[in-house]
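Novice: Model the following, please.
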Amino acid sequence: MHNNESKPETFDEQQSIQVIREMIQVSQKKLKNDGILFILWGWVMFCVYVGSYILSRAVLSHSLRNVLNYSGYLLGILALAFTVYYILKHQKRVQTYIGISLRYVWISMAVGLILVNLIQFNVLHKIIFELQQPIFMVLIAFATVITGGILRYNMIIIGGIIFGILAYGCSFLSLQNQMLVEALAWIIAFIIPGHILYAKRDK
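Specialist: Numbering: from 1, shown residues only. You can find the predicted model right below:
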C-alpha cells in the first residue's frame, strides 16, 4: 500500500525535472538565435570604447573628434532600436520562465547602471569615471555569469568571470586604459560567444 502511494510522488518529481530540462533546452535554442544580440552589443560597445581610447590618446581635429563622439551615440541608439524591434518581433514565440527570468536579469542590470551613477552623484556630488567603469563592468559581469549559469553555457560563464576579473584590474588603471581593457572584455564575453552561438543556431 505504501509503495502505491509513493509512485505518484516519484512520477511528479521526475516529471518536474523533465519539464525543467525541456525549459532549459528551449531557452538554449532561443539563446542561439539571440546570439545576434550578443554580437551586436559586443561590437557596438567595442567600437565605443576603442573610439573613446583613441579620443583620449590621439591628437585629432575638432571635426574628427565630433564625428567619433556622435558615432558612438548613434551606434548606441541604433543598437537599442534594433534590440527593441527584435524583442517585439519574437515576443509571440514560445517563452519559458527561464527566458522571462533572464529578461528581468538584464533589465535589472541596466537599472543598476543608472542607480550607480545616481548614488555616486548623491554621495560625492560628482561622477568619478575611474570608479564608474569598474563598477559598471562588475554589474555586466554579474548578469553575464547568471545568464550562463541558468542556461548551462560554460563559455558565457567563463566570459562573465573574465569580464569581472578585468573589472578589478581596471581599478588600478587610468580612465584611458580602462577604456581599452573594457573593449577587450566585450570581445571575450560577448563577441566571441555571440558568434559561436549564432553559428550553432541551425545545428
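Novice: I'd like the distance from the helix or strand hosting Q178 to the chain centre, please.
Specialist: Assessed by DSSP states H and E, Q178 sits inside helix 175-186. Distance of helix 175-186 from the chain centroid (C-alpha atoms, centre = their mean, to the nearest Å) equals 16 Å.
Novice: buried stuff in that helix?
Specialist: For helix 175-186, burial by neighbour count (16 or more other C-beta atoms under 10 Å) applies to L175, Q178, M179, L180, V181, E182, A183, A185, W186. Quick note: C-beta positions are derived from backbone N, CA and C, even for glycine.
Novice: wait, V181 sits on C170?
Specialist: Yes. Contact criterion C-beta atoms under 8 Å: V181 and C170 qualify, at 5.3 Å.
Novice: could I get the buried residues of helix 175-186 as TSV with pLDDT and distance to F46?
Specialist: Formatted as TSV, the buried residues of helix 175-186 follow (pLDDT from 0 to 100; distance: C-beta to C-beta, whole Å):
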residue	pLDDT	distance to F46
L175	92	17
Q178	95	14
M179	94	11
L180	94	11
V181	96	12
E182	95	9
A183	96	5
A185	96	9
W186	96	5
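Novice: Report the two of those residues separated the most.
Specialist: L175 and W186 (16.8 Å; C-beta to C-beta).
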